[in-house]
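1. no FASTA, just this:
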């Protein structure tokens, strides 16, 4: 029996060692294939797992943006030669001011409109527009697509209240924008310039360029939308 | 002698899609696909042309977001891993297709991907070096673009926001390419009067417009789109030629629709057994494009046959010959009615070459060769070189325009995306307010201000509005817009109220790290070039 004792102890030690070292050996074995090195290409190691910790597994919720910013503003933008876009915000303070100036009934007695002024070629003072038209707005609208229907004209817009008797008060006035041209210019006088204006500009006088006539004949078929984004419209969708 | 010029322009741009927070982000694949299918094949084409001594001249615009991504360590490392995966897949495909009609195609991908890896490694993972190399050899003229591809005409109510987009772009460009850019690709070719003086302030000499942007200028341009005009500020505007574009773009007559060319929509990521492709698609089991597509367009129906690389090569050569022949006719005709050599400006989205039109880079390579060896009617030129030779030009103000559908701003301002502007505009105004007030800020404040500028610019990418309009991937575009704006607004209040959360700032800086050297002072009134 005593003769077996060292052997039993020996086996026990081996088992114990095997037991304690097993996870280490195993992990070494398991990690072996991953050690396979690519050609070292980068100065830093960016293990995907080591980069910036993701706060959550699921995508972060999309934040909601403020509905208003506490600024009185009416911004006018150009969509194309015939359409404009306006958005606005009117602060509670301004609303109160108007109520106190015109009386609490103003909101019930009037309707919200956008008054669109054609201000081409003038310095607009609020009363000298070439012409204007009104867009009736829905109750809670805070933006509007406006059909101005005229290329190469300048516009300014008022957000206001229209009363049954036809009177109009302005709440906000926009910036001025100009719609793009939708055709060749009628101006045939030419001005020429050396690169970067190194030489003074001078007039060449009116000419009748052949190339324009050639191009005019083809005007109908100039495809405006065949390039990149247009390409996507027709191919990808 | 040459009677005219051809100016080929490739506009390379991708929005900033870097997502360190997830190992596998679908949108990062846009970048990887573009690298494998477009940028590297173009670089390989340039290399072969240079080896053969073909003195080609091309213009390419590298958008600042693309420059930032191509030089980013994390994305380079991820791309390298992605490349190894698709090489592994192409090896399997070479075996799987043995003795089938698809074997040639499989071998082609195997070869292409391995070559891509060699190319990628030969530039130490930084492909901007490759473009710079060909720039320094005078083969490429590299244009810049607005920092995050912001749609400038819809930012006109705050010119400082436009200035910051341009200054950030020009600075990054000079740092990465070693040269001040001479030209700028206006995002979406979108122009409105008033932008050109801002370009001039940063030393930019020219930009590219769609055809009607030039034709509908304030004064009729004598030469139509076949010569640039000078804006009153002295910056030159070149106009896109429609004929040369149509040959490539048009869905019916365009070259990419040829039946021998590769079919884009039949990818093995969708076609093959799920278990087989599983390791190469999204880990959540979402099937995606692997880039291996074995069919040719074949015909108008759904019936598709195997892609034969040699036949496609032949077609690319035929189409290159056809393109050159048509340009010759065009130059001969136009030069006969003009008293100076016409320039034909042919701009394309770079990513359509290779990614969409698989044979596009090859077509371009053959075209460059043919133009050099097979004709002497016209020569290749870049806009910068044209202006050096022809410094005397007509003055007119170009027409507000873009190259989007219908030619104006509608794609980026319609009922699907109009809501973004009230937020973007207020954010721009607030950024200017901060830059003015804290112009002399230091330390943590500067970091927060610079990050605020990054978040604002990232929200301004025209890509988001475009995606919202087209209706695919809308959710991602909305998320990106709202998240960057929300980050901006939080930073704005933290900076203003002097309670900057440094931990969160660090998180943002590591995540949205475009333009490492951005300077928020670009937004200040007092910073004029």
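-> Right, received. Where do you want to start? As the structure is a computational prediction, the values presented were derived from the model and not from experiment. Numbering: from 1, shown residues only, chains lettered A, B, ... in the order given.
2. break chain A down into its structural domains.
-> A:73-178, A:189-235 (automatic domain parsing).
3. mind listing the helices for chain A?
-> For chain A, the helices defined by DSSP state H occupy A:5-35, A:92-102, A:106-109, A:210-217, A:228-235.
4. by mean pLDDT, show me the worst of those helices.
-> Confidence, taken as mean pLDDT, is least for helix A:210-217 of the helices of chain A (a mean of 38).
5. buried set for stretch B:265-273?
-> B:266-269, B:271-272 (16 or more other C-beta atoms under 10 Å in any protein chain shown). In this view, the C-beta of every residue, glycine as well, is placed from N, C-alpha and C.
6. quick one: end-to-end length of that stretch, please.
-> The stretch stretch B:265-273 measures 17 Å between its terminal residues, going by C-alpha to C-alpha, to the nearest Å.
7. so where's chain A shaky on pLDDT?
-> By pLDDT under 70, the low-scoring segments of chain A are A:1-58, A:195-237.
8. could I get the full set of strands for it?
-> In chain A, the strands defined using DSSP state E lie at A:73-78, A:83-89, A:111-118, A:131-136, A:143-147, A:154-162, A:168-173, A:177-178, A:189-194, A:202-206.
9. would JSON lines of those with mean neighbour count be doable?
-> Converted to JSON lines, the strands of chain A look like this (neighbours: other C-beta atoms under 10 Å in any protein chain shown):
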{"stretch": "strand A:73-78", "mean neighbour count": "21"}
{"stretch": "strand A:83-89", "mean neighbour count": "21"}
{"stretch": "strand A:111-118", "mean neighbour count": "19"}
{"stretch": "strand A:131-136", "mean neighbour count": "14"}
{"stretch": "strand A:143-147", "mean neighbour count": "16"}
{"stretch": "strand A:154-162", "mean neighbour count": "21"}
{"stretch": "strand A:168-173", "mean neighbour count": "16"}
{"stretch": "strand A:177-178", "mean neighbour count": "20"}
{"stretch": "strand A:189-194", "mean neighbour count": "16"}
{"stretch": "strand A:202-206", "mean neighbour count": "9"}
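10. so which of the ones you listed comes closest to residue B:180?
-> Comparison of the strands of chain A against residue B:180 by C-beta to C-beta identifies strand A:189-194 as nearest, at 21.2 Å.
11. can you count the residues close to the residue nearest to residue B:115 when sequence neighbours are not counted?
-> Ranked by C-beta to C-beta, 6 or more residues apart in numbering or on different chains and with sequence neighbours excluded, the top spatial neighbour of residue B:115 is residue B:44, at 6.6 Å. Using other C-beta atoms under 10 Å in any protein chain shown, residue B:44 has 19 neighbouring residues.
12. list the contacts of residue B:44.
-> Residues counted as contacts of residue B:44 (C-beta atoms under 8 Å, 6 or more residues apart in numbering or on different chains) are B:115, B:119, B:361.
13. at 10 Å what do you get?
-> Contact partners of residue B:44, counting by C-beta atoms under 10 Å, 6 or more residues apart in numbering or on different chains, are B:112, B:115-116, B:118-119, B:130, B:361-362, B:365.
14. that one belongs to a helix?
-> Yes: Residue B:44 sits within a helix when classified using DSSP: H, G, I helix; E, B strand; the rest coil.
15. which residue does the stretch 401-529 of chain B bring closest to chain A?
-> Ranking the residues of the stretch 401-529 of chain B by distance to chain A (C-beta to the nearest C-beta) places residue B:407 first, at 3.2 Å.
16. you'd agree that residue is up against residue A:81?
-> Yes: between residue B:407 and residue A:81 there is a contact under C-beta atoms under 10 Å: 9.2 Å.
17. who touches both of the two?
-> With contacts taken as C-beta under 10 Å, 6+ apart, the residues that reach both residue B:407 and residue A:81 are A:180, A:182, B:216, B:399-401.
18. quick one: which of those has the most company?
-> Within these, most neighbours by other C-beta under 10 Å means residue B:401, with 31 neighbours.
19. quick check: it vs residue B:108, distance?
-> Noted for residue B:401: a distance of 41 Å to residue B:108, by C-beta to C-beta, to the nearest Å.
20. flag every buried residue along the top helix by length along chain B.
-> Across chain B, the longest stretch assigned as helix under DSSP H is helix B:309-337. Applying a neighbour-count criterion of 16+ other C-beta under 10 Å, one finds B:309, B:312, B:315-317, B:319-320, B:323-324, B:327-328, B:330-331, B:334-335 buried in helix B:309-337.
21. same question, stretch B:281-295
-> For stretch B:281-295, by 16+ other C-beta under 10 Å, it's B:281, B:287-295.
22. among the buried residues of stretch B:265-273, name the ones in strands.
-> Checked against DSSP E, these include nothing in strands.
23. which one of the residues you listed sits closest to chain A?
-> residue B:267 (14.5 Å).
24. which stretches of the stretch 101-250 of chain B form strands?
-> Secondary structure of the stretch 101-250 of chain B, counting by DSSP state E, counting those that start in this stretch: strands at B:140-145, B:183-185, B:206-209, B:229-230, B:236-239.
25. tell me the phi and psi of residue B:227?
-> For residue B:227, the backbone dihedrals (degrees, to the nearest 10) come out as phi -150, psi 150.
26. and the pLDDT at it?
-> On pLDDT, residue B:227 comes in at 97.
27. is it true that it touches residue B:241?
-> No: counting by C-beta under 10 Å, residue B:227 sits too far from residue B:241 to count as a contact (11.6 Å).
28. picking that back up, out of the buried residues of stretch B:265-273, which are inside helices?
-> Among these, the members that lie in helices (by DSSP H) are B:268-269, B:271.
29. turn those residues into TSV, columns for distance to chain A and pLDDT.
-> Supplementary listing: those in TSV, determined by distance: C-beta to the nearest C-beta, whole Å; pLDDT from 0 to 100:
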residue	distance to chain A	pLDDT
B:268	20	93
B:269	17	92
B:271	19	92
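30. which of these sits closest to residue B:466?
-> residue B:269 (24.8 Å).
31. could you verify my assumption that that closest one touches residue B:279?
-> No: no contact is recorded between residue B:269 and residue B:279 when judged using C-beta under 10 Å, the distance being 11.3 Å.
32. hey, what's in contact with both of these two?
-> Looking at what touches both residue B:269 and residue B:279 (by C-beta under 10 Å, 6+ apart), the common residues are residue B:89.
33. skip the chain neighbours and tell me the closest residue to residue B:347.
-> Spatial nearest neighbour of residue B:347, excluding adjacent residues (C-beta to C-beta, 6+ apart): residue B:9 at 4.0 Å.
34. and the helix or strand hosting the one you found, how far out from the chain middle?
-> In the assignment (DSSP states H and E), residue B:9 maps to strand B:4-12. When distances are taken as C-alpha atoms, centre = their mean, to the nearest Å, strand B:4-12 is centred 14 Å away from the chain's centroid.
35. again, but for stretch B:311-318
-> From the chain centre to the centre of stretch B:311-318 is a distance of 26 Å (C-alpha atoms, centre = their mean).
36. the lowest-mean-pLDDT helix or strand in chain B vs strand B:4-12, what angle?
-> Across the helices and strands of chain B, mean confidence by mean pLDDT, DSSP states H and E is lowest for helix B:242-249: a mean of 84. Between the axis of helix B:242-249 and that of strand B:4-12 there is an angle of 50 degrees, by axes from the mean of the first three to the mean of the last three C-alpha atoms, to 10 degrees.
37. does any part of helix B:242-249 sit near chain A?
-> Yes: contact between helix B:242-249 and chain A, assessed by C-beta under 10 Å from any C-beta of the partner chain, occurs at B:242-243, B:245-246, B:248-249.
38. of the strands of chain A, which is nearest residue B:475?
-> Comparison of the strands of chain A against residue B:475 by C-beta to C-beta identifies strand A:143-147 as nearest, at 22.3 Å.
39. of the buried residues of helix B:309-337, which are in range of chain A?
-> Taking C-beta under 10 Å from any C-beta, the overlap between the buried residues of helix B:309-337 and the neighbourhood of chain A is residue B:334.
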